[in-house]
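Student: Got a sequence here, can you model it:
(one chain, ligands or ions: 1)
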Amino acid sequence: MDTNVIHHIAEEYGTPLYLYDGEKIRRQYHCLMKSLPKKFEIFYSMKANPLLGICQMFKKLGSHIEVASAGELYTALAAGFAPGDIIFTSPGKSYEELKYAIDSDIYSINIECIEEAKIIHEIAKGKQKTIDICLRINPDFELSDASIKMTGVSSQFGIPQADMQEAFGILQSLSNLNIMGIHVYLGTQVLSADAIVTGMEATVKMALQLSRDYQFSLAFLDMGGGFGVPYFPKESPLNMARFKEGLAQCWNRYGADLSQARIAVESGRFLMAEAGLYLTSVLYQKQCKGSQYVICDGGSNQHAASAFLGRRIRNNFPMSILGKESDPKNEAIVVGPLCTPTDVIGQKVLLAAPVPGDILVIQKSGAYGLTHSPSMFLSHQLPAEVLYDQGRTYILRERGERKDFLKRQKSLF
Ligand SMILES: Cc1ncc(COP(=O)(O)O)c(C=O)c1O
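Tutor: Numbers count the residues shown, from 1 in each chain. Okay, here's the model as predicted:
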């Protein structure tokens, strides 16, 4: 996006601000779509960015959607997704959430433990219905390159592969359930195409074997994804040509066995990360005991990932001072306005000498930005969120107000 455009938008909407680029969202979606065999469907993992307008954009692109809570399901339905294009995965779905998902008639509840399946069975029995379920499995294999491994290792996600015999024994005795799918999500932020293909091939083999062993027809195979983006200079982008080729070969081997099944990949980060900027204004600069601090109006309360929350590698997000990108001479510690020493959104960053009023731009902030941040901390108003697309700006979330923090609170007196 052009620097002048960013300037204008920051002036119009103020900072802190999340700014999304519609063209980049489209580009990433089409790039992933083109890398997949024809039969595959993309399910946008809205946990990466749950804004209604962003979900609507994915709907328009032809995506389906993966939700992880009743709140996300509510938003997905509001965004216009058909229930048949919604899947629900989370290790901790409450009774109310399961009931809401069943009442909404969504395509698949990806169950993560037997107790959850029993609750679904009880709800289904009460409605004299049979509910299709998909089993999320924690397989014995793992994804070698994942930044955060979800399965393959011990975790709260899915049912261990080693427990399948017992699991199928119980699940197949629950008459109001129909096992129709298998789901594996191995991890996130993977930058090796080969690792993703290897994980997917192992998933296909395991799913086919299970459907033979336990004689159920595999109508749905959710292969996860974990498609990563390079955040740091040393990281290379995922080689999508290689991924496409590897997956096509895998599909040549197994596609015929899955001709009746619906095949899903899930993606949040790959689709959204590159499309978002976080803009925060420089309030002050100060020296303290040999270090230079740049103090901004937004920090880890709105961009926790930039302060390393949930990240394995403690590298800075790419950031610069708007309009002074070519002059990064001064090493600075970039902090937000919070009263905690952990509110550091950039460690020893080379920046042009910032002056108060300058705008710091943090790139690659479209996924796991505000949604992944402790935004209640210290009661700073939520930032506005804006989409720029084909020469127009769309406000997706208005800036918060001070009074928002009193919403739903009850006065003691
Ligand atoms: C089950 C599941 N699906 C999809 C995703 C989205 O992952 P990503 O944003 O890396 O594409 C996650 C992320 O944690 C997940 O747990």
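Student: Would you mind giving the domain segments of the protein?
Tutor: Domain segmentation of the chain under automatic domain parsing yields 22-267, 276-400.
Student: Tell me which of the ones you listed sits nearest to the ligand.
Tutor: Counting by Cβ to the nearest ligand atom, the ligand lies closest to domain 22-267 out of those; the figure is 3.4 Å. Placement of C-beta: from N, CA and C, glycine included.
Student: before we move on, back to that, out of the domains of the chain, which gets nearest to Ile6?
Tutor: Proximity to Ile6 (Cβ to Cβ) singles out domain 276-400 among these, at 6.1 Å.
Student: gap between the two ends of the closest one?
Tutor: Terminal residues of domain 276-400 are spaced 19 Å apart (Cα to Cα, to the nearest Å).
Student: repeat for stretch 288-305
Tutor: Note: stretch 288-305 ends 25 Å apart using Cα to Cα.
Student: got the buried residues for it?
Tutor: 292, 294-305 (16 or more other Cβ atoms under 10 Å).
Student: Serialize those to CSV and add fields for pLDDT and secondary structure.
Tutor: As requested, the buried residues of stretch 288-305 are exported to CSV (pLDDT from 0 to 100; DSSP: H, G, I helix; E, B strand; the rest coil):
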residue, pLDDT, secondary structure
Gln292, 95, strand
Val294, 97, strand
Ile295, 98, strand
Cys296, 98, strand
Asp297, 98, coil
Gly298, 98, coil
Gly299, 97, coil
Ser300, 97, coil
Asn301, 97, coil
Gln302, 98, coil
His303, 97, coil
Ala304, 96, helix
Ala305, 94, helix
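Student: what would those residues look like in TSV with distance to the ligand?
Tutor: Formatted as TSV, the buried residues of stretch 288-305 follow (distance: Cβ to the nearest ligand atom, whole Å):
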residue	distance to the ligand
Gln292	34
Val294	29
Ile295	31
Cys296	26
Asp297	28
Gly298	22
Gly299	23
Ser300	20
Asn301	21
Gln302	19
His303	16
Ala304	15
Ala305	12
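Student: can you redo the residues you listed as a markdown table with distance to Phe43?
Tutor: What follows is the buried residues of stretch 288-305, written out as a markdown table (distance: Cβ to Cβ, whole Å):
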| residue | distance to Phe43 |
| --- | --- |
| Gln292 | 45 |
| Val294 | 39 |
| Ile295 | 40 |
| Cys296 | 35 |
| Asp297 | 36 |
| Gly298 | 31 |
| Gly299 | 32 |
| Ser300 | 29 |
| Asn301 | 30 |
| Gln302 | 27 |
| His303 | 26 |
| Ala304 | 25 |
| Ala305 | 22 |
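Student: Run through the residues of the stretch 201-350 of the chain sitting next to the ligand.
Tutor: With Cβ under 6 Å from any ligand atom as the criterion, the stretch 201-350 of the chain meets the ligand at residues 225-227, 266-270.
Student: so where's this protein shaky on pLDDT?
Tutor: 144-148, 150-151, 310-313 (pLDDT under 70).
Student: So which residues of it form helices?
Tutor: Secondary structure of the chain (DSSP state H): helices located at 3-13, 22-35, 52-61, 70-78, 95-104, 114-126, 164-171, 193-213, 240-254, 269-272.
Student: among these, which is the most enclosed?
Tutor: Mean neighbours per residue, mean count of other Cβ atoms under 10 Å, is largest over the helices of the chain for helix 269-272, with a mean of 28.
Student: list the contacts for Leu177?
Tutor: Residues counted as contacts of Leu177 (Cβ atoms under 8 Å, 6 or more residues apart in numbering) are 117, 120-121, 124, 130-131, 133, 171.
Student: For it, list each beta-bridge partner.
Tutor: Here Leu177 shows beta-bridge partners Ile131, assigned using DSSP bridges.
Student: now do the one 10 residues further on
Tutor: Applying DSSP bridges to Gly187 yields these beta-bridge partners: Lys149.
Student: go on, His183?
Tutor: Arg136, Asp222.
Student: Run a quick check on it versus Ile133, I expect a contact.
Tutor: No: His183 is beyond contact range of Ile133, at 10.1 Å (criterion: Cβ atoms under 8 Å).
Student: quick one: common contacting residues for those two?
Tutor: Common neighbours of His183 and Ile133, using Cβ under 8 Å, 6+ apart, are 108, 110.
Student: More neighbours: which of the two?
Tutor: His183 (27 against 23; other Cβ atoms under 10 Å).
Student: For that one, give me its contacts.
Tutor: Taking Cβ under 8 Å, 6+ apart as the test, what His183 contacts is 89, 108, 110, 134-137, 158, 221-222, 224.
Student: one more time with 10 Å, if that's ok
Tutor: 66, 87, 89, 108, 110-112, 134-137, 151, 157-158, 203, 207, 220-224, 264, 266 (Cβ atoms under 10 Å, 6 or more residues apart in numbering).
Student: now do Ala48
Tutor: 54, 66, 188, 266-273, 276, 366-369, 371-372 are the contacts of Ala48 under Cβ under 10 Å, 6+ apart.
Student: so what's it closest to, chain neighbours aside?
Tutor: Excluding the flanking residues, the one nearest Ala48 by Cβ to Cβ, 6 or more residues apart in numbering is Gly268, at 2.7 Å.
Student: Tell me, how many residues neighbour the one you found?
Tutor: 23.
Student: before we move on, what about Glu41?
Tutor: By other Cβ under 10 Å, 16 other residues sit near Glu41.
Student: wait, it sits on Val265?
Tutor: Yes: if you go by Cβ atoms under 10 Å, Glu41 and Val265 touch, sitting 7.6 Å apart.
Student: list the residues that contact both of these two?
Tutor: Any residue near both Glu41 and Val265 by Cβ under 10 Å, 6+ apart counts here, and that gives 33, 222.
Student: distance of Gly14 from the ligand?
Tutor: Distance of Gly14 to the ligand, computed by Cβ to the nearest ligand atom, to the nearest Å: 29 Å.
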